[in-house]
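>>> What follows is a predicted protein model with its sequence.
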Amino acid sequence: MKKITSEFYRGNTVESIHKIKVLVKNLDGKKLISTGNDNDLIFPRSAVKIFQAIPFAETKAIQKFKLNPRIIALSCSSHRGESFHIKELKKWLKKISIDKKDLKCGIHYPLNLKANKNVLKSNIKVDQLYNNCAGKHLGMITSCIVNNLDTKNYLSFKHPHQKRIRKVFERFSGKKIIKKNYAVDGCSAPQYSFQIKDISKILANLNKSYFGKFENSCETKILINSIINNPNYIGGTDSLDSRVMRISNKKIFCKGGAEGVFLFIHLKKGIQGVIKVVDGNERAIPPVIFDIFKKLKILTNSELRNLKKNYDFNLFNHAKILTGSIKTKLK
């Protein structure tokens, strides 16, 4: 397979086409689906937050501050600013006795539409906790507190905690991160580009780690179990990754990232996938995920039907009139 596209039809005419880069492999390294972009560099963005949280779990901060599984899941999250997210983040803030202004992620309104409307209606002043990366930043700051490291410049490329995060990426990828692949993420944290094949290897080793067959097994189990048991805390009630994990009944761990990135591992079948929409448009991901899962039988028929209920691939306008459809082409 060399080409995957997500095509948006208006009537019977293709109106828009999104090109997709895909690599799906099993734990033996066999390619199940590939568009031939294995060597392309991409920024995985928020899809790799679990790896940024592994050093946080290594510090034993979870035990020291008695952080519950919902808070642990939030350390890997791109939360949608729903009330239950903010509630747990406030608990975490109180436990480590810092000010929300210490988070250097910036401020934005909730990504969940209902939560956003509630904030505006209630005249709530949003702060750093509403940033979708707040949990990741709290994980970094908490780690610094436990290790007696400076918390003011915790995002610096040279900060000891950021060096520990890079060591995790290097451990799981088997490759050294080079400075030219360094950039700054939307939340101001360091972000690194990787070849798609190396992200696939990172995911394979994460799967192995979960079953005690790779390093950081203890930390990986704590993080993944917290997430799959509380899927709404890694995204939200309306996010694709949370929905897929809910539907799969704890068989899939997955995470989306900005600019059309989606990563997944099937914990039982030992399959891992890297998906990147070339133009960064995230609307193309649900139909692609559906067809890949269907082709590889990653979900059961009933689970696929459940997923499709959440994402109707027919297109309607605001008057609820059918205008077109979405189709994935796997060639």
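Arrived safely. Residues are numbered from 1 along each chain as shown.
>>> Only C-alpha atoms from now on, for both contacts and neighbour counts.
Noted.
>>> residue ranges of the strands in the protein, please?
Listed in chain order, the strands of the chain (DSSP state E) span residues 4-10, 13-26, 31-34, 41-42, 182-184, 190-192, 194-195, 252-257, 261-266, 271-277, 314-316, 322-330.
>>> could those strands go into JSON lines alongside distance to residue 168, mean neighbour count and mean pLDDT?
Listed next are those as JSON lines, based on distance: least, CA to CA, whole Å; neighbours: other CA atoms under 10 Å; pLDDT from 0 to 100:
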{"stretch": "strand 4-10", "distance to residue 168": "31", "mean neighbour count": "20", "mean pLDDT": "96"}
{"stretch": "strand 13-26", "distance to residue 168": "21", "mean neighbour count": "18", "mean pLDDT": "97"}
{"stretch": "strand 31-34", "distance to residue 168": "25", "mean neighbour count": "16", "mean pLDDT": "97"}
{"stretch": "strand 41-42", "distance to residue 168": "18", "mean neighbour count": "16", "mean pLDDT": "98"}
{"stretch": "strand 182-184", "distance to residue 168": "15", "mean neighbour count": "14", "mean pLDDT": "97"}
{"stretch": "strand 190-192", "distance to residue 168": "12", "mean neighbour count": "19", "mean pLDDT": "98"}
{"stretch": "strand 194-195", "distance to residue 168": "14", "mean neighbour count": "18", "mean pLDDT": "98"}
{"stretch": "strand 252-257", "distance to residue 168": "18", "mean neighbour count": "24", "mean pLDDT": "98"}
{"stretch": "strand 261-266", "distance to residue 168": "17", "mean neighbour count": "24", "mean pLDDT": "98"}
{"stretch": "strand 271-277", "distance to residue 168": "18", "mean neighbour count": "25", "mean pLDDT": "98"}
{"stretch": "strand 314-316", "distance to residue 168": "42", "mean neighbour count": "14", "mean pLDDT": "91"}
{"stretch": "strand 322-330", "distance to residue 168": "34", "mean neighbour count": "18", "mean pLDDT": "92"}
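>>> Those: which one's closest to residue 63?
Closest approach to residue 63 among the strands of the chain (CA to CA): strand 252-257, 23.5 Å.
>>> Tell me the neighbouring strands of that closest one, and mark each as parallel or antiparallel.
Strands adjacent to strand 252-257 in the sheet, as given by DSSP bridges, are strand 261-266 (antiparallel).
>>> which stretch among the strands of the chain comes nearest residue 107?
Short answer: strand 182-184, nearest of the strands of the chain by CA to CA, at 16.4 Å.
>>> Strand partners (parallel or antiparallel) of that closest one?
strand 190-192 (antiparallel).
>>> what about residue 85, neighbour count?
24 (other CA atoms under 10 Å).
>>> Offset the numbering so it begins at 5, please.
Noted, 5 is the first residue going forward, which turns the last one into residue 89.
>>> surely it meets residue 83?
Yes - the criterion here is CA atoms under 8 Å, and residue 89 meets it with residue 83 at 6.8 Å.
>>> what is in contact with those two at once?
residue 237 (CA atoms under 8 Å, 6 or more residues apart in numbering).
>>> for the protein, which spans come out with low pLDDT?
Along the chain, segments meeting pLDDT under 70 span 5.
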